[in-house]
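K.L.:
From the sequence below, what's the structure:
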Amino acid sequence: MDASASPDGPQEAAALPLPDSAVTPKDLALHLTRLALTAPDLGSAMTPVLDTLVGHTAAVGAGYFQWREATLAYHARSASGEMPEGPQMAALLAHGLPGNMPLLRALERAEGVLYFEETQDCEIAAGFPDLGVRALLAAPVTSQSGELVGALLAHVFTPHVWTPAERQLVGSVTGLLALLAARLDAEERERAAHESALRAIGLCLEARDAETQGHTDRVTDLAVRLGEHLGLNDTGLRTLRWGAYLHDIGKIGIPDDILHHPGGLSAEMRGRMQEHVGDGVRLATQLSFLPQATLDVIGAHHEWWDGRGYPAGLKGEEIALPARIFSVCDVFDALTNARPYKAAWSMGATLEYIQDLSGQQFDPQVVEALLAVLGDELPAVM
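P.N.:
Here you go, the predicted structure:
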């Protein structure tokens with residue numbers, strides 16, 4: 001099994017060449033520092049150090065496993081070199097290393113790297129011989145408060161005595177990465193907190209707007225599926241999700257008699273309703289952590305591909321791709337679900353309507369992506 005690619009998918013960090021084997025641990029540490037400081041996330045920060053362990057020690061494979069509270073397990077974030085094969089390894093990759101595993105319990109107490117020259121009959125390394133791993137090193141990665149948040153593991157399929165030179169190298173690079181990982185882990189936890197808070201705002205907006213229950217999660221899920229199909233990376237998908245959560249935040253200031261009006265709006269009421277876009281952008285900019293791509297979704301999801309939308313009359317690719325993606329998803333969900341003023345449309349009628357407006361209201365490539373993503377859900381008559 002080739003583990004040169006991260007389980008999280010393609011990495012965004014620059015792929016700089018590693019120094020040759022003649023360089024010192026200090027040189028390697030400086031090189032890895034440069035790479036890690038440009039890494040957008042913990043998984044990609046770990047990739048170069050794993051490559052270094054495989055390239056400069058006897059380890060044939062290495063992986064970084066990060067704690068997930070939801071599963072009470074450590075899940076693979078990055079990997080390099082040869083990994084064990086078979087159903088047990090497949091289960092570990094799918095479900096993670098259990099938090100009560102003896103090695104992980106030992107790492108919670110460890111003050112540094114643990115080295116195992118032979119895992120057979122070693123209680124702390126229990127489970128690894130079953131994977132074919134005979135020699136192992138394990139480095140704890142802790143948060144600023146000292147909590148174990150990850151484990152960096154490197155293995156050999158035969159017994160191996162870890163040499164002083166290998167231990168010096170391992171101590172140098174893993175000590176550095178432990179500090180960087182603590183910072184990046186804190187950043188990821190902060191992003192997770194932002195995610196939860198923004199979704200909660202979206203659900204509150206949904207309730208106040210009398211949306212069909214579940215609109216926020218449905219439209220966000222569909223937007224992410226389209227974003228994946230169109231090649232957005234992890235950062236792009238996250239900013240798209242955040243925009244989906246907050247797309248109608250400006251409706252907070254819309255009076256109830258307009259927001260809950262049972263029929264068609266008068267020209268004056270429609271004008272006031274359209275102001276929710278600008279109001280939403282002004283509100284969202286108060287959240288300083290929101291990226292521009294999220295603001296684009298809020299500010300441009302009512303723009304039309306042919307320039308007849310609002311508020312700025314943007315046209316074609318002047319409209320940011322996340323906003324073009326969300327626009328289609330928002331209309332799709334609004335039509336296929338009942339509202340106080342309308343019955344739910346069938347999927348066939350909805351898709352026919354959206355296809356008719358391809359090149360007018362909607363970006364044609366996004367419409368094609370919608371049809372591709374829905375796949376087997378499409379009606380047979382389409």
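K.L.:
Give me the phi and psi angles of the closest residue to residue 324 other than its chain neighbours.
P.N.:
Excluding its sequence neighbours, the residue lying closest to residue 324 (CB to CB, 6 or more residues apart in numbering) is residue 363, at 4.3 Å. No exception for glycine: its C-beta is placed from N, CA and C like everyone else's. Main-chain torsions, residue 363, degrees, to the nearest 10: phi -70, psi 120.
K.L.:
Count the residues that sit near residue 363.
P.N.:
As a burial measure, residue 363 scores 22 neighbours (other CB atoms under 10 Å).
K.L.:
wait, what's in contact with it?
P.N.:
For residue 363, the contact set (CB atoms under 8 Å, 6 or more residues apart in numbering) comprises 305, 316, 319, 321, 324, 328.
K.L.:
switch the cut-off to 10 Å
P.N.:
230, 304-305, 316-317, 319, 321, 323-325, 327-328, 369 (CB atoms under 10 Å, 6 or more residues apart in numbering).
K.L.:
got it, and residue 128?
P.N.:
84, 101-103, 116, 119-120, 122, 134-136, 138, 153, 155 are the contacts of residue 128 under CB under 10 Å, 6+ apart.
K.L.:
Take those and, keeping just the buried ones, write it as a ChimeraX select command.
P.N.:
Of those, the buried ones go into a single ChimeraX selection, burial set by 16 or more other CB atoms under 10 Å:
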select :84,101,103,116,119,134,135,136,138,153,155
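K.L.:
Next, format the contacts of residue 128 as CSV and append distance to residue 167, secondary structure and pLDDT.
P.N.:
What follows is the contacts of residue 128, written out as CSV (distance: CB to CB, whole Å; DSSP: H, G, I helix; E, B strand; the rest coil; pLDDT from 0 to 100):
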residue, distance to residue 167, secondary structure, pLDDT
84, 23, coil, 94
101, 23, coil, 94
102, 22, helix, 96
103, 18, helix, 97
116, 13, strand, 97
119, 17, coil, 96
120, 21, coil, 94
122, 18, coil, 95
134, 18, coil, 97
135, 13, strand, 97
136, 14, strand, 97
138, 13, strand, 95
153, 16, strand, 94
155, 16, strand, 96
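K.L.:
Now the terminal residues of stretch 273-291, how far apart.
P.N.:
Taking CA to CA, to the nearest Å, the first and last residues of stretch 273-291 lie 25 Å apart.
K.L.:
Pull the distance from that stretch to the chain's centre.
P.N.:
Counting by CA atoms, centre = their mean, to the nearest Å, stretch 273-291 is centred 23 Å from the centre of its parent chain.
K.L.:
now do stretch 127-138
P.N.:
That offset, for stretch 127-138, works out to 30 Å (CA atoms, centre = their mean).
K.L.:
okay, that stretch in CSV with CA atoms only?
P.N.:
Extracted in CSV, the C-alpha atoms of stretch 127-138 (Å, rounded to 0.1, in the frame of the first residue of the first chain):
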residue,chain,number,x,y,z
GLY,A,127,-1.7,-4.8,18.4
PHE,A,128,1.2,-3.7,16.2
PRO,A,129,2.8,-7.2,15.7
ASP,A,130,-0.6,-8.3,14.3
LEU,A,131,0.0,-5.6,11.6
GLY,A,132,3.4,-6.9,10.8
VAL,A,133,5.1,-4.0,12.6
ARG,A,134,8.2,-5.3,14.5
ALA,A,135,10.0,-2.0,15.3
LEU,A,136,8.3,1.2,16.1
LEU,A,137,8.8,4.8,17.3
ALA,A,138,6.0,6.9,18.6
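K.L.:
which non-adjacent residue is nearest residue 349?
P.N.:
residue 335 (7.7 Å).
K.L.:
Model confidence for that neighbour, exactly?
P.N.:
Model confidence at residue 335, given as pLDDT, is 93.
K.L.:
Quick one: list the elements packing against whichever strand or helix holds it.
P.N.:
Assigned by DSSP states H and E, residue 335 belongs to helix 321-336. Packing contacts for helix 321-336, counted by 3 or more CB pairs under 10 Å, 6 or more residues apart in numbering; DSSP states H and E, involve helix 215-229, helix 234-246, helix 292-300, helix 347-356, helix 364-374.
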